[in-house]
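Chemist: Next one to model:
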Amino acid sequence: MRYNQVKDLIEWAAGFHARMARQYSEAAGETENERLEMVFNYLASRELKMKTGLEDLFRDGSDHSEVMELWFDDSSDFPQPPELERMAEQTVTGSIDDAMKTATAAHQRLQALYEHRASRAKIEPEEEFFNALAQGHNSEIRHIMASMEELQGV
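Modeler: Down below sits the predicted model:
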């Protein structure tokens with residue numbers, strides 16, 4: 001769709017995090033490697049946390065209600081979702097390194113998506129909103145990488 005509201009993008013992103021959490025949970029249930037199961041469960045919990053954080057933006061009293069109602073015109077839908085949708089639909093398997101690569105790639109792509117929206121913002125609150133989301137994903141990547149290093153050392 002060419003015209004979208006910011007809330008449409010946020011709803012999509014929350015759904016993406018839910019789908020990734022489901023992928024990680026399913027992978028945890030299918031692996032026989034105890035350490036890899038811990039990694040997948042950890043990643044699922046992080047994705048659910050990100051989902052909940054985005055859903056909180058829709059709650060009454062959110063400071064972002066003005067931004068959420070803004071419309072934007074993007075003839076290419078969004079720059080990343082088709083690629084991200086494929087990630088959410090693929091089966092997550094492999095090693096701890098593979099899981100870490102998948103998780104960081106997803107967050108990097110979401111970060112790029114938010115940076116793209118910030119660069120096209122029409123008003124300052126919209127730019128600040130998307131920059132904050134992008135910074136949150138940058139922080140999440142660092143957090144995941146540090147946690148994965150800890151889990152590999154267990």
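Chemist: Following element in sequence after the helix or strand encompassing residue 48, please.
Modeler: Per DSSP states H and E, residue 48 falls inside helix 34-55. Downstream of helix 34-55, the first helix or strand assigned by DSSP H and E is helix 65-68.
Chemist: Mind listing what's buried along that next one?
Modeler: Buried residues in helix 65-68, counted by 16 or more other C-beta atoms under 10 Å: 67, 68. Placement of C-beta: from N, CA and C, glycine included.
Chemist: Work out the gap between that helix and the centre of the chain.
Modeler: How far helix 65-68 lies from its chain's middle: 20 Å, per C-alpha atoms, centre = their mean, to the nearest Å.
Chemist: CA atoms only for that helix, dumped as CSV, please.
Modeler: Only the C-alpha atoms of helix 65-68 are listed here, as CSV (Å, rounded to 0.1, in the frame of the first residue of the first chain):
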residue,chain,number,x,y,z
SER,A,65,-0.2,9.5,19.8
GLU,A,66,0.3,12.5,17.5
VAL,A,67,3.1,10.8,15.6
MET,A,68,1.2,7.5,15.4
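Chemist: Next secondary structure element downstream of that helix?
Modeler: Next element after helix 65-68 (DSSP H and E): strand 71-73.
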